[in-house]
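Engineer: Just the structure for this:
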Amino acid sequence: MKILYLGNKLSKNGLNKTTIETLGLNFENEGLSVFYASDKKSFSIRLLDMIKAVFQFRNQVSYILIDTYSTKAFWYAFVCSQLARFFNVKYIPILHGGDLPYRLKLNPKLCRMVFVNAYKNVAPSGYLKQAFEKEGYLNVIHIPNSIEIKNYEFKQRNEVTPRLLWVRAFANIYNPKMAVSVLFQLQKTYSNATLTMVGPDKDGSLITTKAFADQLGVKVNFTGKLSKEDWCRLAIDNDIFINTTHFDNTPVSVMEAMALGLPLVSTNVGGIPYLVSNNENAILVNDSDVEQMTTAILDLISDKKKTINMSQNGRRLIEQMDWDIVKQKWFSLLK
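Structural biologist: Numbering: from 1, shown residues only. Have a look, this model is predicted:
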């Protein structure tokens, strides 16, 4: 089988790998032929490269997979899906944008052109599946994001210290300044509390977050972009993973942290409550609520039994998202 995969293949330009680079490789390892677009840095050139790829491979592929986001990158999906319709090629949007429900309401006619005519829409989270079905889309199936669990060594933390890890691209929607505010509050109780923030700059937020840390007088370890292997090694020296985002779907970095045994404290937004269960395998707090997140972290540090159970439950949850399990759903779809 041959497929064309359209998405933001931008790791060579200093950004984090997205699904196109992980899921695409998994398909290749299973024997599929995968063509890609695009790794072009410029938005407009990337769009042109995707259009070119649809023209070039339209008679060779069985399906076109399209990573579909909720903001600017939505237009890749719109243009390329309509080309696929014109050439009568089956296309499958993979729904990544945590704010796609808002896009459905903002551009209902354009969204129907994309999603109603899709062969299937793949929702990595129950959150987006439910949101799409609520708007009348019946061709949505749930296939979760996956990881290869064998690559993540579980560490049981019997003593949890206030060493925080944050892994994401620096962008306003991921609210990185909240992590700095949490550190500032946490150091009022634990002066030795630390925060390591891993990720590339996406919209200038890295600069503003560094300035905010200086303003509060707290020291943060900003590592910049790291490979998955490097930040997983870094996780060994940290004890709590925090996720501060305003919008989200099913972030792979959160899944990876849980696989590594890091107890999770996250904002209760988007697809997060569909991925984890509060007080069972994570602690969920209100969006932008620094005080609530700080209290949750203090609770984890003081309650050893709860933290151990949460860590173990998190690992068991993510084991169900191993590629060897998830791939069965993909091949059932692409049969």
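
Engineer: A strand includes Thr223, no?
Structural biologist: Yes: with DSSP: H, G, I helix; E, B strand; the rest coil as the criterion, Thr223 is part of a strand.

Engineer: Which residue comes closest to it once chain neighbours are left out?
Structural biologist: Val198 (4.9 Å; C-beta to C-beta, 6 or more residues apart in numbering). C-betas here are computed from N, CA, C, even on glycine.

Engineer: same thing with Lys129?
Structural biologist: Nearest to Lys129 is Ala123, by C-beta to C-beta, 6+ apart, at 3.9 Å.

Engineer: What of Leu284?
Structural biologist: Asn268 (3.8 Å).

Engineer: Quick one: neighbours of the one you found, just the number.
Structural biologist: Counted with other C-beta atoms under 10 Å, the neighbours of Asn268 add up to 17.

Engineer: go on, Gln187?
Structural biologist: Gln187: 19 neighbours (other C-beta under 10 Å).

Engineer: contacting residues around it?
Structural biologist: Counting by C-beta atoms under 8 Å, 6 or more residues apart in numbering, Gln187 touches Ala193, Val218.

Engineer: Local confidence estimate at it?
Structural biologist: Listed pLDDT for Gln187 reads 98.

Engineer: swap in Trp323?
Structural biologist: Reported pLDDT for Trp323: 96.

Engineer: Next: Phe247.
Structural biologist: 87.

Engineer: In space, what's closest to it - neighbours in sequence excluded?
Structural biologist: Using C-beta to C-beta, 6+ apart, the nearest residue to Phe247 is Gly98, at 3.8 Å.

Engineer: One more: Phe74?
Structural biologist: Arg103 (5.9 Å).

Engineer: Secondary structure element holding that neighbour?
Structural biologist: helix 100-106 (DSSP states H and E).

Engineer: Setting aside sequence neighbours, what's the nearest residue to the residue nearest the centre of the chain?
Structural biologist: Centrality entry for the chain: nearest residue to the mean C-alpha point is Pro251, 2.5 Å, by C-alpha atoms, centre = their mean. Nearest residue to Pro251, sequence neighbours excluded (C-beta to C-beta, 6+ apart): Asn243, at 6.8 Å.

Engineer: That neighbour against Leu262, yeah?
Structural biologist: No: here Asn243 does not reach Leu262: they are 10.7 Å apart, not a contact under C-beta atoms under 8 Å.

Engineer: any idea how far the residue nearest to Lys129 lies from Ala84?
Structural biologist: Separation of Ala123 from Ala84 (C-beta to C-beta, to the nearest Å): 19 Å.

Engineer: ok, now Gly14?
Structural biologist: 30 Å.

Engineer: Between the two, which has more neighbouring residues?
Structural biologist: Ala84 (25 against 11).

Engineer: part of a helix, is that one?
Structural biologist: Yes: under three-state DSSP, Ala84 sits within a helix.

Engineer: I'd say it and Ile64 touch.
Structural biologist: Yes: between Ala84 and Ile64 a contact is recorded at 5.1 Å, counting by C-beta under 8 Å.

Engineer: overlap in contacts of those two?
Structural biologist: Joint contacts of Ala84 and Ile64 (C-beta under 8 Å, 6+ apart) are Val54, Lys90, Tyr91.

Engineer: Pop out the phi and psi values for the first one.
Structural biologist: So the one you mean is Val54. The phi/psi pair for Val54 (degrees, to the nearest 10) reads phi -60, psi -50.

Engineer: can you pull the contacts of it?
Structural biologist: Neighbours of Val54 in contact, by C-beta under 8 Å, 6+ apart: Leu4, Leu6, Ile64, Cys80, Leu83, Ala84, Phe87, Val89.

Engineer: Helices of the stretch 201-335 of the chain, start to end?
Structural biologist: Listed in chain order, the helices of the stretch 201-335 of the chain (DSSP state H, counting those that start in this stretch) span 205-216, 228-235, 252-259, 272-275, 290-302, 304-319, 323-333.

Engineer: All set, thanks.
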